[in-house]
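**Student:** need coordinates for the following:
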Amino acid sequence: MAFIAGIDRNQAQMFPELLDEYVNEENPVRVIDAFVNSLDLIKLKFTKSEQGGPGAPSYDPKDILKLYLYGYSNGIRTSRKLEKATYTNVEVMWLIKKLHPDFKTIADFRKENKLQMKQIFKEFNLLCRDWDLFGGELVAIDGTKLRADNSKRNNYNKKKIDRQLKYIDEKINEYLNALDNGDNKPEEKPRYTMQEIQKKIEELNERKSFYTDLEQQMKNSGVTEISTTDPDARLMDNKKNGLEVNYNVQIAVDEKNKLILATEVTNRPSDQGHLNSMAQLAKETLGLDEKDTLEVVADKGYYQAKDLIACDDNNTVTFM
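**Tutor:** Reported below is the predicted structural model:
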């Protein structure tokens, strides 16, 4: 029995298929397209939103925004992967009409429009509310640890700094002793020349200065740890991979269609103390005020008497 054969790649088609036929009418990508087309990016103050001006034409910011929203919805985070998707992903080809912006253009768009993109997510939540996609009665709140760019190696606390300073002092003393004893055993070939030892001492003093500066920063700011790549990230246990430098992202989800109502990024490892603030953010998205009642579900990681009292004061009924 013969196998099912595909189309010959080198055979021309008399009636080529339309790109629109690759995306069915119920595909969520059509929602992204319609939503972005409805926005006034000039009013929202997106860069390069107005046509004209000197120089070569730029990409329509609506097309780059569509690409980013698609990436957020499908777990495509980096600008290089988004660029690749413009060549390999049929949905992306349909969404931005087979345009191929390079990764730098994509990355620069996000850098230039950080605040504007936050407003876009608020606009989308308002649209979901207008479409009656939120139930507004029961909300689930939970937190998840997201790994930062900062490695554990570039995360420092007092204990780690003290350990490094102790090691550096020991190595400096070792090299100084080698300088002092350099002439005592002339028959033995020294491991390092005098110039090499001096250079190593200078390098160690530079490292020592780096750690003492970190120690002073911690003292001045009152923090217990410092991350040099992502200053706001902290060392946390994310359960799957153990201790890593993470952010703790709080999420509130509406029960009706499992849509996200509100998010908040924090560097506090514990979920305690976030329940009332997340419930208030959910109410704000739903258009409720403090007098309106909202039921909230959370796990025991949120248990904190003060926070539960605050929820009760704000008419948030908590199930834990």
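**Student:** enumerate every residue touching the closest residue to residue 291 other than its chain neighbours.
**Tutor:** Among residues not flanking residue 291 along the chain, residue 315 sits closest, at 6.3 Å (Cβ to Cβ, 6 or more residues apart in numbering). Backbone N, C-alpha and C define where each C-beta goes, glycine included. Residues near residue 315 by Cβ atoms under 8 Å, 6 or more residues apart in numbering: 290-294.
**Student:** so how far is residue 261 from residue 315?
**Tutor:** According to Cβ to Cβ, to the nearest Å, residue 315 stands 17 Å off from residue 261.
**Student:** please apply the same query to residue 255.
**Tutor:** Residue 255 is 10 Å from residue 261, by Cβ to Cβ.
**Student:** these two: who's more crowded?
**Tutor:** Neighbour totals were compared for residue 255 and residue 261, and residue 261 leads with 24 against 15 (other Cβ atoms under 10 Å).
**Student:** look up phi and psi at residue 119.
**Tutor:** Dihedral pair for residue 119: phi -70, psi -30, per degrees, to the nearest 10.
**Student:** without its sequence neighbours, what residue ends up closest to it?
**Tutor:** residue 44 (5.9 Å).
**Student:** got any ranges where this protein has weak pLDDT?
**Tutor:** For the chain, the stretches flagged by pLDDT under 70 are 1-2, 5, 14-16, 52-55, 180-191.
**Student:** buried ones in the lengthiest helix in it?
**Tutor:** Criterion DSSP state H: the longest helix present in the chain is helix 194-221. By neighbour count with 16 or more other Cβ atoms under 10 Å, helix 194-221 contains the buried residues 197, 200-201, 204, 208, 211, 214-215, 218.
**Student:** nearest to residue 124, of the contacts of residue 315?
**Tutor:** residue 294 (20.6 Å; Cβ to Cβ).
**Student:** next, count neighbours for the closest one.
**Tutor:** 22.
**Student:** list phi and psi for the residue nearest to residue 291.
**Tutor:** phi 60, psi 40.
**Student:** what do you get for the one 4 residues further on?
**Tutor:** Geometry field for residue 319 lists phi and psi as phi -110, psi 120, criterion degrees, to the nearest 10.
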